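Participant: quick one: sequence plus predicted model below, questions after.
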Amino acid sequence: MNDNIVWHEHKTNKADRARQKNQKPAVIWLTGLSGSGKSTIANVLEQKLAASGKHTYLLDGDNIRHGLCGDLGFADKDRVENIRRISEVAKLFVDAGLIVITAFISPFRTDRKFCRNLLEAGEFVEVFVDTPLEVCEQRDPKGLYQKARQGDIKHFTGIDSAYETPESPEVHLTFDGETPDQSADKLIAALTEKGYL
Ligand SMILES: Nc1ncnc2c1ncn2[C@@H]1O[C@H](COP(=O)(O)OS(=O)(=O)O)[C@@H](OP(=O)(O)O)[C@H]1O
Ligand SMILES: Nc1ncnc2c1ncn2[C@@H]1O[C@H](COP(=O)(O)OP(=O)(O)O)[C@@H](O)[C@H]1O
């Protein structure tokens, strides 16, 4: 970083904006395999939070990779940079007073920890969408597992690229045949019980 760039304190701050919105800004970070249900649950969660008057913003893997991270692929170093950029954006949105929901595979522990460390204590809420690989592969909503098994996609998470499971996520969301709506309700119940909402 350039030594001649000095941080500028603003007169309106995160606490003011949070008070105005009557909510606790945070990042609800969904992590899990492709097809585990991150985007689906994140969408339902956002709808439900909006309906209860919360101000939210959803950052979703596929969408962000069309714009902000459109230059990145799926080699390890690209995934690291992907999560770094998203973490910085999430931090800005938290500063804006929002409840940020993210839906990225985010396969590496150090990258999820990077985001946690960027934020203040209690602002990073790791949610492990723990759907077994067999279920994700059976769902295969975009046909990507089939392509990965055929060798048409390289470095596919869970097939030939690692997924490091969270060691102590704030919320551990297991799949037991629930509908997306039920999973989102389970998540909201856990977030409420732990005081994040
Ligand atoms: N090689 C490989 N591995 C994993 N995923 C792949 C790959 N190639 C494309 N896709 C599609 O990209 C989506 C994952 O993007 P993310 O930004 O969440 O990935 S990461 O966090 O940087 O690992 C992922 O979206 P989700 O299925 O919603 O998770 C896939 O649709
Ligand atoms: N309880 C559930 N929660 C989330 N998705 C579910 C659930 N049950 C079935 N699904 C289906 O699984 C698929 C998950 O896909 P998606 O949300 O794109 O996952 P990801 O974002 O993790 O790749 C969707 O087709 C969704 O309808």
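Facilitator: Noted; the coordinates are in hand. Residues are numbered from 1 along each chain as shown. Ligands and ions are numbered 1, 2, ... in the order given.

Participant: count of residues packed around residue 75?
Facilitator: Residue 75 is flanked by 12 other residues according to other CB atoms under 10 Å. The way it works is simple: take the backbone N, C-alpha and C, and place the C-beta from them, glycine included.

Participant: burial measure for the residue nearest to it when sequence neighbours are not counted, as a count.
Facilitator: Using CB to CB, 6 or more residues apart in numbering and skipping residues adjacent in sequence, the residue nearest residue 75 is residue 155, 6.3 Å away. Residues near residue 155, counting by other CB under 10 Å, number 15.

Participant: how about residue 8?
Facilitator: 5.

Participant: just residue 127 next, same as before
Facilitator: 26.

Participant: any idea which element it lies in?
Facilitator: For residue 127, the element it lies in under DSSP states H and E is strand 124-130.

Participant: ok now the following helix or strand past that strand, how far from the chain's centre?
Facilitator: Reading on from strand 124-130 to the C-terminus, the next helix or strand found by DSSP H and E is helix 133-139. The chain centre lies 20 Å from the centre of helix 133-139; the measure is CA atoms, centre = their mean, to the nearest Å.

Participant: buried set for helix 133-139?
Facilitator: 133, 136-137 (16 or more other CB atoms under 10 Å).

Participant: just stretch 60-71 next, same as before
Facilitator: 60-61, 64-65, 69.

Participant: ok, now stretch 119-135?
Facilitator: 119, 123-131, 133.

Participant: try stretch 70-81
Facilitator: 72, 74, 79.

Participant: tabulate the residues you listed (a markdown table), appending secondary structure and distance to ligand 2.
Facilitator: Shown next, in a markdown table, are the buried residues of stretch 70-81 (DSSP: H, G, I helix; E, B strand; the rest coil; distance: CB to the nearest ligand atom, whole Å):
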| residue | secondary structure | distance to ligand 2 |
| --- | --- | --- |
| 72 | coil | 17 |
| 74 | coil | 14 |
| 79 | helix | 15 |
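
Participant: those: which ones sit near ligand 1?
Facilitator: Near ligand 1, judged by CB under 6 Å from any ligand atom, the entries from the buried residues of stretch 70-81 are 74, 79.

Participant: just put the buried residues of stretch 70-81 in CSV and tack on distance to residue 89 and pLDDT.
Facilitator: CSV is the format used below for those (distance: CB to CB, whole Å; pLDDT from 0 to 100):
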residue, distance to residue 89, pLDDT
72, 14, 97
74, 20, 96
79, 16, 98
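
Participant: report pLDDT for the residue in the chain that ligand 1 sits nearest to.
Facilitator: With CB to the nearest ligand atom as the measure, residue 61 is the residue of the chain nearest to ligand 1, at 2.8 Å. Residue 61 is assigned 82 on the pLDDT scale.
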